[in-house]
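> Need coordinates for the below:
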Amino acid sequence: MEENRNCISYYIAIFIFFDYFCGMEKLYQYLWQTGIAGKSFRLVDGRSLEVIDPGRLNSNSGPDFFNSKVRIDDTEWVGNVEIHVKASDWKRHGHDSDSVYDSVLLHVVAVSDTRIARKNGELIPQLEIVLPQSFYTAYASLDADMKAVRCQNYLQQLSSLTMMDWLESLAVERIQVKASRVAEIYRATASDWDQTLFIILARAFGFGLNGEPFEMLARSLPLRIIYHHADSRMQIEALLFGQAGMLDAAVFGYDDYYQTLCREYLFLSRKYGLSPIPAGMWKYSRSRPQNFPHRRLAFLAAILFRGLFSIRQLASLSIDSDRLRELFKVNVEDYWTSHYSFGTPETIAPAELSRGSIDILMGNVVAPVVYAYGCLRGDMDLAERGINLLYELPPENNTITRQWKEIGIKNDSALRSQALIHLRKEYCDARNCLRCRFAHSLLRKEANIWRKSTE
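You can find the predicted model right below:
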C-alpha cells in the first residue's frame, strides 16, 4: 500500500512540474466543487471530514471558495476554502502575510508537504486528496493532448443518453450566444431591425473565414443609403465593393466594369461621407474561387437589389423551410457570371447560390434571428421556431463536423452540427475540458472506480 502511495505521489510530482500546462490547481478546484472525489475524508491530522456544501467558487482575489460548509468530527463549520497543488504554495503565494486568508477554515491540497497556520499560530485543517494514477492519466490526456478532440480515445465509453443530452444542450447554448449577438446589434442600431438583419446577413456571407470584415462592412454602411439606390444593382455593388476597400482606379485599367464601379463609389462616398474598411482584412487562403469574397459580395448585392427580407417575413416563414429558401435564391448577372474576382474573365461561374450555401445562411441568419426576436418579444413559441428550424435543416459538412464524424459522432442535422462546432470552439479549442460534460463523465467514472476500491 505504501509503495503504491509513493508511486502516486511521484506521479503527482511530475504533474506539479508541468503544472503550467496541466492546470493541477484548476483540477483540484473542480474536484472540490463537483465532489466527484467523494464527500467523506480524513484530514492529515486524522480527524474525519464531511463536505456538506462546497461553497461558491471565487473568480477574483481571495480564497478559492466562499461560504463552504463542512463537518469536522462532530462540529459543523462555515467559511472559506483554499486550494493548492502543494501545501507550501500557501507561503509561496504570500497568503501567510495576508489577513484575508485567516478566514480559511480548510486547506485542500494534492501534496501535503507542510502544515499551514494562521498569523496567530493556529493550524488550519488540511485535506490531502490523492486519486489513483489512472485518474491523473485521464485528466492529462484531456488537458495536455494537442489533438483537436482531446477526449477522442474515451468517447466510446460514454452512453448514448449522455452524448445526446450534452449535444442538445450545446446546440441551445450556441443559438443563445448567437441570439445575444443579434440583440446587441439590435440595441446598437437603435432598435432598427432592417439594419440588424443587414449586419447579421453580411456576416453570414463571410462563411466563417471572412465573417469579421463582412460585418465591419455592413456596420460602416447604413442600409438607408442602399435603399436610396435600390433601383441600381451597379450602384449597390459600388457601395459594397467600395466599402470593402476593393476599388482602386489605379489598377485593372482594362476592366471597364471595375472602372465604372470606381467612379460610382468615388461619387457616392463623397456624397455620403463614407470611408472603406481596411482592404487587408480579407482572407483568401484555402478558398476556392467561387468562395472568394468578391463573389459573396455580388450575391449580397443581388439580395439587396431584390429587396432585403423583413423580420416579420422571417418570423412568419420560420415554420416553412422551403419558403424560407426562396428568400435566398438570387442570381448574379452580367459581369459576375464570368468572374470570380476583378480582372481577367474566367470560365463560367455558377450564377446562383448552392442549396448547401442557402441552408448554411438559414442556419446562421434565420434561426438565431427568429430565436432572438421571439425572446425580445417574450414569445417563447416563436423563439422555439428558431431551434426547430435547425432540426429541419441538413447537417453542415465542414472541417469541424468531419473531424467529429471520423471519431464516430453522428451529425444528422444542422442542430447537431451547431452543437459540434460549439463544442469544438468553446470547449476543446478553449481548453475548457472541466466545463464539458463528456470530460466530467469520464473523470467521474475514474473517481467512482477508485472510491469503490477503497470502500
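> What is the end-to-end distance of stretch 278-294?
End-to-end distance for stretch 278-294, by CA to CA, to the nearest Å: 15 Å.
> Ok, stretch 43-50 next?
Taking CA to CA, the span from the opening residue of stretch 43-50 to its closing residue is 10 Å.
> and that stretch, which residues are buried?
Using 16 or more other CB atoms under 10 Å as the burial criterion, the residues of stretch 43-50 that qualify are 43-44, 49. For every residue, glycine as well, the C-beta is placed using N, CA and C.
> possible to save those as a markdown table with pLDDT, secondary structure and distance to residue 340?
Written out in a markdown table, the entries for these read as follows (pLDDT from 0 to 100; DSSP: H, G, I helix; E, B strand; the rest coil; distance: CB to CB, whole Å):
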| residue | pLDDT | secondary structure | distance to residue 340 |
| --- | --- | --- | --- |
| 43 | 96 | coil | 70 |
| 44 | 95 | coil | 70 |
| 49 | 96 | strand | 68 |
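> Relative to residue 175, which of those residues is nearest.
In terms of CB to CB, no member of the buried residues of stretch 43-50 lies closer to residue 175 than residue 49, at 42.8 Å.
> what about the helices in the stretch 1-150 of the chain?
Counting by DSSP state H, counting those that start in this stretch, residue ranges of the helices within the stretch 1-150 of the chain are 2-17, 19-22, 24-34, 89-92, 133-144.
> Pick out whichever of the buried residues of stretch 43-50 sits closest to residue 111.
residue 44 (10.8 Å).
> Next one: the closest one from residue 54, what distance?
In this structure, residue 44 lies at 19 Å from residue 54, with CB to CB, to the nearest Å as the measure.
> quick one: the strands in the chain?
With DSSP state E, the ranges of strands along the chain come out as 40-42, 48-53, 56-57, 65-72, 75-86, 104-111, 126-128.
> I'd like the average pLDDT over the first one.
For strand 40-42, the per-residue pLDDT values average out at 94.
> any low-confidence regions in the stretch 51-200 of the chain?
Within the stretch 51-200 of the chain, the stretches falling below the threshold (pLDDT under 70) are 143-148.
> same thing but 90
Residues of the stretch 51-200 of the chain that meet the criterion pLDDT under 90 lie in 59-62, 96-100, 102-103, 118-121, 130-160.
> ranking the strands of the chain by burial, who's on top?
The densest packing among the strands of the chain, expressed as mean neighbour count by mean count of other CB atoms under 10 Å, is seen in strand 104-111 with a mean of 24.
> since we're on the closest residue in space to residue 26 that isn't next to it in sequence, how many residues are nearby?
Among residues not flanking residue 26 along the chain, residue 434 sits closest, at 6.5 Å (CB to CB, 6 or more residues apart in numbering). Each residue near residue 434 was counted by other CB atoms under 10 Å, and the total is 20.
> show me the contacts for residue 434.
Under the criterion of CB atoms under 8 Å, 6 or more residues apart in numbering, the contact partners of residue 434 comprise 26-27, 30, 440.
> if I look at it, how far off is residue 31?
The spacing between residue 434 and residue 31, counted by CB to CB, is 10 Å.
> how long is stretch 95-107 from one end to the other?
Stretch 95-107: ends 12 Å apart by CA to CA.
> now stretch 273-290
Taking CA to CA, the span from the opening residue of stretch 273-290 to its closing residue is 32 Å.
> mind checking which of the strands of the chain is nearest residue 383?
Ranking the strands of the chain by proximity to residue 383 (CB to CB) places strand 56-57 first, at 30.4 Å.
> what's the burial count for residue 119?
As a burial measure, the neighbour count of residue 119 was computed by other CB under 10 Å and equals 11.
> related to what we said a few turns ago, quickly name whichever of the contacts of residue 434 is closest to residue 169.
Lowest distance from residue 169 to these (CB to CB) belongs to residue 440, with 12.4 Å.
> Can you check the pLDDT for the closest one?
88.
> how deep is the closest residue to it other than its chain neighbours tucked in, by neighbour count?
Taking CB to CB, 6+ apart as the measure, residue 440 lies nearest to residue 34, with 7.0 Å between them; neighbours along the chain are not counted. As a burial measure, the neighbour count of residue 34 was computed by other CB under 10 Å and equals 14.
> Done for today, thanks.
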